[in-house]
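> fold the following, please.
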Amino acid sequence: MKRRLIALMVAALPALAALVPTAADAVSRDSGPVAATSCAAVPVSAPSGTKVESVKAVANAGGTVTFPAAPPLHPKEETLTDVPAWCDFTVTVSHPGANDHVTIRVSLPQEKKKWTGRFQATGGSAYLAGDLSGAPLVGAVKAGYVAAATDAGVGANPLDVSGWALTPAGKVNTPLLKNFASRSLHDMAVIGKDVAKRFYGRSVSYAYWNGCSTGGRQGYAEAQDHPTDFDGILAKAPAVSWDRFAVATLWSQAVFNEEKVAPTPCELEAFNTAAVKACDALDGVKDGIIDNPRKCHWDARRLTGAKIVCEGTEITISRATADAVRKIWAGPVSSSGQKLWYGPNKGASLAALAAPGAPFFVADSWVKYFVTRNPSFDTTKLTYESFTQVFRASQRQFNDVIGTDDPNLSAFAKAGGKLLSWHGQNDELVPTQGTVAYREQVNRVLGGNKRVDDFYRLFLLPGVNHCVGGTGPYPTDDLGALVNWVEKGQAPATLAASVTGADGGTVTRDVCRYPMVARYTGHGDTASAANYRCVNA
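Model (predicted):
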């Protein structure tokens with residue numbers, strides 16, 4: 001289960017890549033173009049409080065570059081063709097008193113004429129701060145970017161925090177958590193742009209952030225904490241409000257314990273199947289997708305007594321199981337009934353966030369290593385009361401460190417920054433409504449939806465899973481839309497998206513910016529974006 005889930009989370013990275021090997025030792029190449037620029041170490045400037053320990057440079061010939069398979073994250077090898085010769089800079093930095101060593105990789109086209117003047121910083125996934133393996137960076141280089149990633153000093157394992165979360169004395173390693181939360185992102189932005197300037201002899205023209213999940217949260221952190229680092233931020237399925245999200249996704253374990261049920265995967269899927277059947281046509285088109293889950297008021301308790309067949313065995317859905325699913329969809333509440341956070345949308349798979357005895361690994365590690373500082377803490381034993389205690393403890397201790405939900409983006413707006421964000425309505429790992437709640441907070445602080453749209457636009461994608469996949473149309477060029485907004489002033493009213501339908505044909509949509517939704521005009525092919533218009537939800 002963990003391997004499948006982390007594969008979903010890491011899919012947000014700009015291109016597939018092996019997790020551990022570096023670009024220098026993990027790829028094979030044909031005879032590529034000859035480098036036109038010397039690839040040698042340059043002096044590097046870092047932000048105040050950050051010390052540069054070393055700078056190394058490696059030349060790469062380019063051409064056809066193959067990144068080998070590295071299961072479980074990358075089951076298939078990936079080949080990039082027509083890659084220009086490029087240079088990898090590996091910059092190691094530290095922070096006095098932190099006892100850390102942070103690696104930042106910067107990849108650049110060796111020929112100046114291959115560079116568009118753009119810089120792209122790439123984000124991480126789960127507990128991986130960034131992918132240094134090569135493919136995401138090389139893919140960006142092919143597109144004409146100087147690209148960068150950082151490991152934040154916490155290593156390259158998105159699943160396991162045991163090697164860095166706690167000090168030998170059993171306390172939270174605050175410097176490394178600070179690196180993971182935000183500090184290393186600013187270091188990467190400053191150093192990446194400085195390397196480009198020293199290498200090419202001119203400054204970066206436009207700087208972009210690109211990330212999903214943890215990478216999405218990182219993009220929001222930059223807009224909040226360092227509003228001048230990037231001209232444009234592409235933040236997808238952002239795990240914002242981390243101090244709440246990373247506990248809230250354990251809610252199902254408390255529900256199962258209190259309600260004394262342990263539904264099978266087949267039962268859980270039956271609830272989603274029934275919800276989709278009930279709410280599919282609310283948007284006027286029957287396509288197997290709940291277009292706007294907030295409008296789906298189907299009650300899980302209506303499935304009570306239904307008989308389903310699971311692996312050859314007939315099961316009758318109990319009232320207790322139905323009530324448990326209803327509570328999971330509704331989201332966590334305190335022991336006194338106060339709403340704490342959001343549950344997954346109806347239509348999103350419950351396999352990750354509602355598996356009895358198998359807690360979501362991101363939340364499980366967060367509670368064990370950071371909130372309780374007790375690696376033996378058993379999150380499968382949570383009750384309503386203990387869940388509330390852990391949730392509140394996480395808020396108290398970590399909101400200021402990694403909450404990433406400050407709604408005052410006025411400095412980012414004043415600097416001229418543009419934030420393009422999207423979230424799949426079928427996200428099975430990061431509840432979509434957390435992102436919507438943050439956007440509504442920004443609206444309240446900064447004068448309403450119309451004003452906020454000037455610099456921050458959110459798109460909710462029906463049927464799309466966490467970062468990638470699902471039955472709904474997926475963005476075809478979200479980064480290009482952001483570039484056009486930043487460089488040409490073309491604010492995206494819609495986001496072009498497509499998917500292969502069940503019949504093998506292509507389904508297209510122009511996804512409308514929040515809070516509007518796309519509605520069928522009643523005429524023409526329901527698979528064509530041309531036959532939909534944006535209306536208020």
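> low-confidence ranges, this protein, go.
Within the chain, the stretches with pLDDT under 70 are 1-37, 70-75.
> in contact with the spatially most central residue of it, which residues?
Centroid check for the chain by C-alpha atoms, centre = their mean gives S213 as the closest residue, at 1.3 Å. Applying C-beta atoms under 8 Å, 6 or more residues apart in numbering, one finds that S213 lies in contact with 9, 12, 123-126, 236-239, 429-430, 466-467. In short, each C-beta sits where N, CA and C put it, glycine included.
> now those as TSV including distance to G448 and secondary structure?
TSV is the format used below for those (distance: C-beta to C-beta, whole Å; DSSP: H, G, I helix; E, B strand; the rest coil):
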residue	distance to G448	secondary structure
M9	33	helix
A12	30	coil
G123	29	coil
G124	33	coil
S125	33	strand
A126	35	coil
K236	24	strand
A237	25	coil
P238	21	coil
A239	26	coil
L429	30	coil
V430	26	coil
H466	30	coil
C467	29	coil
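> and which of those is nearest W422?
Closest approach between the contacts of S213 and W422, by C-beta to C-beta: K236, at 5.5 Å.
> for N531, see how far away that closest one is.
Here the criterion is C-beta to C-beta, to the nearest Å. By it, K236 lies 27 Å from N531.
> those two: which has the busier surroundings?
K236 (27 against 17; other C-beta atoms under 10 Å).
> that one is in contact with G215, isn't it?
Yes: K236 is within contact range of G215, at 7.4 Å (criterion: C-beta atoms under 8 Å).
> and stretch 228-239, what's buried?
Buried residues in stretch 228-239, counting neighbours by 16 or more other C-beta atoms under 10 Å, are found at 229-239.
> what number of residues lie near N157?
16.
> tell me who's in contact with it.
Per C-beta under 8 Å, 6+ apart, neighbours of N157: 127-128, 163.
> which strand or helix spans it?
Per DSSP states H and E, N157 falls between elements, in no helix or strand.
> ok, now how distant is it from G124?
As judged by C-beta to C-beta, N157 and G124 stand 11 Å apart.
> how about I402?
I402 is 13 Å from G124, by C-beta to C-beta.
> of those two, who's got more company?
G124 (31 against 24).
> can you give me the strands for the stretch 51-200 of the chain?
Assignment of strands within the stretch 51-200 of the chain using DSSP state E, counting those that start in this stretch yields the ranges 51-60, 63-67, 78-83, 86-94, 102-109, 118-122, 145-150.
> residues of the third one that come out buried?
To tie it back to what came earlier, the one meant is strand 78-83. Buried residues in strand 78-83, counted by 16+ other C-beta under 10 Å: 78, 80, 83.
> now do the end-to-end distance for stretch 220-238.
8 Å (C-alpha to C-alpha, to the nearest Å).
> same thing with stretch 104-124?
Stretch 104-124: ends 13 Å apart by C-alpha to C-alpha.
> run the chain-centre distance for it.
21 Å (C-alpha atoms, centre = their mean, to the nearest Å).
> re earlier: export the contacts of S213 as CSV, with columns for distance to V55.
What follows is the contacts of S213, written out as CSV (distance: C-beta to C-beta, whole Å):
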residue, distance to V55
M9, 31
A12, 29
G123, 23
G124, 22
S125, 27
A126, 29
K236, 31
A237, 34
P238, 32
A239, 32
L429, 37
V430, 36
H466, 36
C467, 32
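> nearest to G144, of these?
G123 (19.6 Å).
> next, format the contacts of N157 as JSON lines and append distance to K193 and neighbour count.
Below are the contacts of N157 laid out as JSON lines (distance: C-beta to C-beta, whole Å; neighbours: other C-beta atoms under 10 Å):
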{"residue": "Y127", "distance to K193": "26", "neighbour count": "25"}
{"residue": "L128", "distance to K193": "23", "neighbour count": "28"}
{"residue": "G163", "distance to K193": "30", "neighbour count": "11"}
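> possible to save these as TSV with distance to Y456?
Formatted as TSV, the contacts of N157 follow (distance: C-beta to C-beta, whole Å):
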residue	distance to Y456
Y127	27
L128	26
G163	36
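> and those, which is closest to A181?
Among these, Y127 lies closest to A181 (C-beta to C-beta), at 11.5 Å.
> ok, the closest one - contacts?
Contacts for Y127 (C-beta under 8 Å, 6+ apart) come out as 154, 157-161, 180, 214, 362, 365.
> sort out which residues of the helix or strand encompassing A496 are buried, please.
Here A496, judged by DSSP H and E, is contained in strand 494-500. For strand 494-500, burial by neighbour count (16+ other C-beta under 10 Å) applies to 494-499.
> if I pick V401, what's in contact with it?
Counting by C-beta under 8 Å, 6+ apart, V401 has contacts 174, 177-178, 181, 243.
> save those residues as TSV, and put in neighbour count too.
What follows is these, written out as TSV (neighbours: other C-beta atoms under 10 Å):
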residue	neighbour count
T174	12
L177	21
K178	18
A181	23
D243	25
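> for those residues, which one is nearest I289?
Closest to I289, out of all of the contacts of V401 and judged by C-beta to C-beta, is D243, at 31.7 Å.
> isn't there a strand covering the closest one?
No: under DSSP: H, G, I helix; E, B strand; the rest coil, D243 sits outside any strand and is assigned helix.
> for it, give me its contacts.
394-395, 397-399, 401-403 are the contacts of D243 under C-beta under 8 Å, 6+ apart.
> how does it look with 7 Å?
394-395, 398-399, 402-403 (C-beta atoms under 7 Å, 6 or more residues apart in numbering).
> G155 touches S162, doesn't it?
No: using C-beta atoms under 7 Å, G155 is not in contact with S162, being 10.4 Å away.
> neighbour count for these two, which is higher?
Of the pair G155 and S162, G155 is the one with more neighbours under other C-beta under 10 Å, namely 17 against 12.
> so who does that one touch?
163-164.
> that one and F387, how far apart?
For G155, the distance to F387 - C-beta to C-beta - is 30 Å.
> which residues of the stretch 301-450 of the chain fall in strands?
If DSSP E, counting those that start in this stretch is used as the criterion, the strands of the stretch 301-450 of the chain fall at 307-310, 313-316, 418-424.
> OK, contacts around the closest residue to S376 other than its chain neighbours?
Using C-beta to C-beta, 6 or more residues apart in numbering and skipping residues adjacent in sequence, the residue nearest S376 is K368, 7.7 Å away. Contact analysis of K368 by C-beta under 7 Å, 6+ apart lists 374-375, 377.
> which of those residues has the largest number of neighbours?
F377 (16 neighbours).
> enumerate every residue touching Y208.
By C-beta under 7 Å, 6+ apart, the neighbours of Y208 are 118-120, 230-232, 234, 482.
> next, format these as TSV and append distance to D194.
Listed next are the contacts of Y208 as TSV, based on distance: C-beta to C-beta, whole Å:
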residue	distance to D194
R118	15
F119	10
Q120	15
F230	15
D231	16
G232	19
L234	22
L482	23
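> pick the one among these closest to E267.
L234 (37.6 Å).
> now name the helix or strand holding that closest one.
Here L234 is assigned to strand 232-236, by DSSP H and E.
> for that strand, packing partners?
Applying 3 or more C-beta pairs under 7 Å, 6 or more residues apart in numbering; DSSP states H and E, one finds that strand 232-236 contacts strand 206-212, helix 214-225, strand 418-424, helix 478-488.
> in its sheet, what does that strand sit against?
strand 206-212 (parallel), strand 418-424 (parallel) (DSSP bridges).
> same list (those) but as JSON lines, adding distance to T321.
Output for the strands paired with strand 232-236, formatted as JSON lines (distance: least, C-beta to C-beta, whole Å):
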{"stretch": "strand 206-212", "distance to T321": "33"}
{"stretch": "strand 418-424", "distance to T321": "26"}
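> how near is L250 to T380?
9 Å.
> neighbour-wise, which of those two wins?
Legend: neighbour count by other C-beta under 10 Å for L250 and T380, higher for L250 (24 against 14).
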